[in-house]
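1. With the sequence up front, the predicted model follows.
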Amino acid sequence: MSGLNRHPWLKWDHVEKFLGQKLPFAEKGQTFLDNMTWVEGYVQDMLKKAMPGMDASISSHGPSGAEIFETHEHVIIKVKIAKGEDPRALRVFVKSNQLKLTGFTSGKGRIIKFPTLVLPRSARVSYKQRLLQIKVRKRGLKENYTEAYIRY
């Protein structure tokens, strides 16, 4: 069977119409199902259209405004602290799947979810030039919050 008729239940012209573009074919007689390398580019384009102004480098920022990095062994979170905040009043509580920041002048706490499970007791927190940095080792089990003390 030829590439287009191999799956008669699929109407490729309907799929192309839905996607809004022609489907790429690598070689004559080969369908897009045989070569799926084009999918990543298509998905990236759709994400850019759905979220204009978003850049790939910004996607590492969590919804709380925290910058989240992941290495092979650690998760690193950087949080900018406003000028009016007292850094000595801040408290950091670490759980295997998230951390909680308290002690803000507004009285509200902030919860930041980790991209992966971590070991709460391995947390190291530092504060320098209005930047709070939390570094936690990966692979923890679910357990209660553990306070990570800030070094000044």
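-> Ah, there it is.

2. per the record, what domains does the chain have?
-> Domains of the chain are assigned by automatic domain parsing as 12-50, 60-151.

3. Can you add mean neighbour count and give these back as JSON lines?
-> Any C-beta I mention is one placed from the backbone N, CA and C, and that applies to glycine too. Shown next, in JSON lines, are these (neighbours: other Cβ atoms under 10 Å):
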{"stretch": "domain 12-50", "mean neighbour count": "11"}
{"stretch": "domain 60-151", "mean neighbour count": "15"}
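
4. and those domains as CSV, adding mean pLDDT?
-> Output for the domains of the chain, formatted as CSV (pLDDT from 0 to 100):
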stretch, mean pLDDT
domain 12-50, 67
domain 60-151, 88
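
5. where along the protein do the strands fall?
-> 67-70, 74-80, 91-94, 98-102, 110-113, 124-128, 131-137, 146-148, 150-151 (DSSP state E).

6. May I have the first one as CSV, with CA atoms only?
-> Yep, that's strand 67-70 we're talking about. Only the C-alpha atoms of strand 67-70 are listed here, as CSV (Å, rounded to 0.1, in the frame of the first residue of the first chain):
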residue,chain,number,x,y,z
GLU,A,67,13.9,30.9,39.5
ILE,A,68,14.2,27.2,39.6
PHE,A,69,17.3,25.2,38.4
GLU,A,70,17.8,21.5,38.3
